[in-house]
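[1] Okay, structure incoming, though there's no sequence with it:
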């Protein structure tokens, strides 16, 4: 085959599909993939739930075990919604015809050379398509277990998920693992597509069996799929129109369920919170200001507001919002990197979280947490070893205290002493110092953390809850100690000095 013929037969790169799609913004304009667009169950400043906001663009992830038909489903959505540039579909079909290859809709997506050679998706590609309701950014995540880190990275950008299962193979171990990952990431809008039913003569009994098996498993993760849909991605059945071959199914199509998903509101509706990045002084320039800098992760703040820093509990009033080469401003909001000066001079360190003192901020101070964790390190997660725990701008040492559950090992009943690579589980972590944090379901940014070992990110997870420490004996000891000191050194302990000493 000539070089020209070989080039003509190559599948279209994903990025060309994305860039040449009409009337679609660049993917970089979608915001921080770890930002606030995907937070579950956000709350207002008073703690009440926030209703969804309207948006004409949604990030969804399509995942599932290798060769279960994810890329074929994405290709079908692109083709059947008319989202491909004019002539692209016909061009690929003609290339296949000329070179004696069987056309597959996944050929619209295969972009990487390794993927073309091996026939597996190894990267998380972003593809754009459009329905009558909105624009979609589809994140086609890899299904192979060796690329679990890539799948996790891709899924972290999504507000909804489509999980594809091969009706021939049934529920694979990776299908279960991906279900747990969606639970770990807090993605509650889930659609399960049971694919390749055309190969089984559209057998309803097969669909029901797989649906019941997987639904029972997802129930243990507290994941409630919006729908289970029988499909044939290759033949385009139940993708955009109901298929007469499956008249026993009276539900919605894939596209109808996607259009029924809701974008979640931005963090601006949540309570104010800002992890403190650092405190800056410019004394060499005869500038006596002390500037407290960071990026606001939720809510908004204005000059004059009364604020508190956690975990130190230091309080002060906002004096000014500092700007550089820009017009003066009196308030700042979510995702802005800002600096503040305070009316009161207080000493706080980076890693603390600034909140409004008079607001019901769902932020707690904790040195022990229950978390869902995915382990990606080459060495297992073990007891009695220190790991670097990073949440927001806080960095403390952490140790594994308990493994409560491990995916795929629930039935053995054996006590686990480690968490191996690509395993997921629920754990209790003990922190060397108190950290200000939130449950992931109250504030995703303050409820998401990373574990680091020898400068390598080896695990990531979400905070489920703060586990209060038992401080009764400590408090009693401190009271007795201060009483004794005050008795023998009364001149050192005025009421004001005692308070200062305790602090």
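    Sure, I can see it. A quick note: this is a predicted structure, and the numbers were derived from the prediction, not measured.

[2] Tell me which residues touch the nearest residue to residue 271 once chain neighbours are set aside, please.
    Nearest residue to residue 271, sequence neighbours excluded (CB to CB, 6 or more residues apart in numbering): residue 361, at 4.1 Å. Placement of C-beta: from N, CA and C, glycine included. Contact analysis of residue 361 by CB atoms under 8 Å, 6 or more residues apart in numbering lists 45, 271, 272, 273, 355.

[3] hang on, residue 330 packs against residue 321?
    Yes - using CB atoms under 8 Å, residue 330 makes contact with residue 321 at a distance of 6.5 Å.

[4] shared neighbours, those two?
    302, 303.

[5] which regions of the chain sit below the pLDDT cut-off?
    Applying pLDDT under 70 to the chain flags residues 1-55, 106-127, 140-157, 265-266, 408-413, 470-503.

[6] In terms of neighbours, single out the busier of residue 330 and residue 321.
    residue 321 (18 against 11; other CB atoms under 10 Å).

[7] Does that one lie in a helix or a strand, and which?
    If you go by DSSP states H and E, residue 321 is part of strand 314-322.

[8] Tell me which helix or strand comes right after that strand.
    Downstream of strand 314-322, the next assigned helix or strand under DSSP H and E is strand 331-333.

[9] Mind giving me the packing neighbours of that following strand?
    Judged by 3 or more CB pairs under 8 Å, 6 or more residues apart in numbering; DSSP states H and E, strand 331-333 is in contact with strand 300-302.

[10] Can you give me the buried ones in the following helix or strand past the strand it packs on?
    Per DSSP H and E, the first helix or strand lying C-terminal to strand 300-302 is strand 306-310. Buried residues in strand 306-310, counted by 16 or more other CB atoms under 10 Å: 307, 308, 309, 310.

[11] how about the strands in the stretch 101-250 of the chain?
    Under the criterion DSSP state E, counting those that start in this stretch, the stretch 101-250 of the chain contains strands at 125-130, 135-140, 160-166, 189-195, 227-230.

[12] Packing partners of the next helix or strand after the last one?
    Next helix or strand after strand 227-230 toward the C-terminus (DSSP H and E): helix 254-260. In terms of contacts (3+ CB pairs under 8 Å, 6+ apart), helix 254-260 is packed against helix 70-80, strand 160-166, strand 189-195, strand 227-230.

[13] 10 Å instead, please
    Judged by 3 or more CB pairs under 10 Å, 6 or more residues apart in numbering; DSSP states H and E, helix 254-260 is in contact with strand 57-64, helix 70-80, strand 135-140, strand 160-166, strand 189-195, strand 227-230.

[14] would you turn these into JSON lines with mean neighbour count?
    Listed next are these as JSON lines, based on neighbours: other CB atoms under 10 Å:
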{"stretch": "strand 57-64", "mean neighbour count": "24"}
{"stretch": "helix 70-80", "mean neighbour count": "25"}
{"stretch": "strand 135-140", "mean neighbour count": "23"}
{"stretch": "strand 160-166", "mean neighbour count": "25"}
{"stretch": "strand 189-195", "mean neighbour count": "24"}
{"stretch": "strand 227-230", "mean neighbour count": "22"}
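
[15] Columns distance to residue 469 on top of the ones you listed, output as TSV?
    Formatted as TSV, those follow (distance: least, CB to CB, whole Å):
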stretch	distance to residue 469
strand 57-64	37
helix 70-80	45
strand 135-140	40
strand 160-166	36
strand 189-195	36
strand 227-230	43
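
[16] So which of those is nearest residue 400?
    Nearest of those to residue 400, taken as CB to CB: strand 57-64 at 27.6 Å.

[17] Direction-wise, compare that closest one with helix 70-80 and give the angle.
    On the basis of axes from the mean of the first three to the mean of the last three CA atoms, to 10 degrees, strand 57-64 is oriented at 140 degrees to helix 70-80.

[18] who does strand 57-64 pair up with?
    Using DSSP bridges, the strands paired with strand 57-64 in its sheet are strand 135-140 (parallel), strand 160-166 (parallel).

[19] how is this protein carved up into domains?
    According to automatic domain parsing, the chain comprises the domains 56-83+120-260, 268-356, 364-466, 473-502.

[20] Could you tell me the end-to-end distance of the third one?
    Right, domain 364-466. 7 Å (CA to CA, to the nearest Å).

[21] Kindly reformat the strands paired with strand 57-64 as a markdown table containing distance to residue 454.
    Listed next are the strands paired with strand 57-64 as a markdown table, based on distance: least, CB to CB, whole Å:
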| stretch | distance to residue 454 |
| --- | --- |
| strand 135-140 | 30 |
| strand 160-166 | 33 |
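
[22] Of these, which is nearest residue 383?
    strand 160-166 (33.0 Å).

[23] rewinding a little: identify those among the contacts of residue 361 that sit within strands.
    Applying DSSP state E to those, the entries found in strands are 273, 355.

[24] For the contacts of residue 361, which entry has the maximal number of neighbours?
    Most surrounded of these: other CB under 10 Å gives residue 273, at 28 neighbours.

[25] Correct me if wrong: that one contacts residue 362.
    Yes - contact criterion CB atoms under 10 Å: residue 273 and residue 362 qualify, at 8.9 Å.

[26] Reformat the strands of the stretch 101-250 of the chain as JSON lines; add distance to residue 338.
    Listed next are the strands of the stretch 101-250 of the chain as JSON lines, based on distance: least, CB to CB, whole Å:
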{"stretch": "strand 125-130", "distance to residue 338": "30"}
{"stretch": "strand 135-140", "distance to residue 338": "29"}
{"stretch": "strand 160-166", "distance to residue 338": "32"}
{"stretch": "strand 189-195", "distance to residue 338": "32"}
{"stretch": "strand 227-230", "distance to residue 338": "43"}
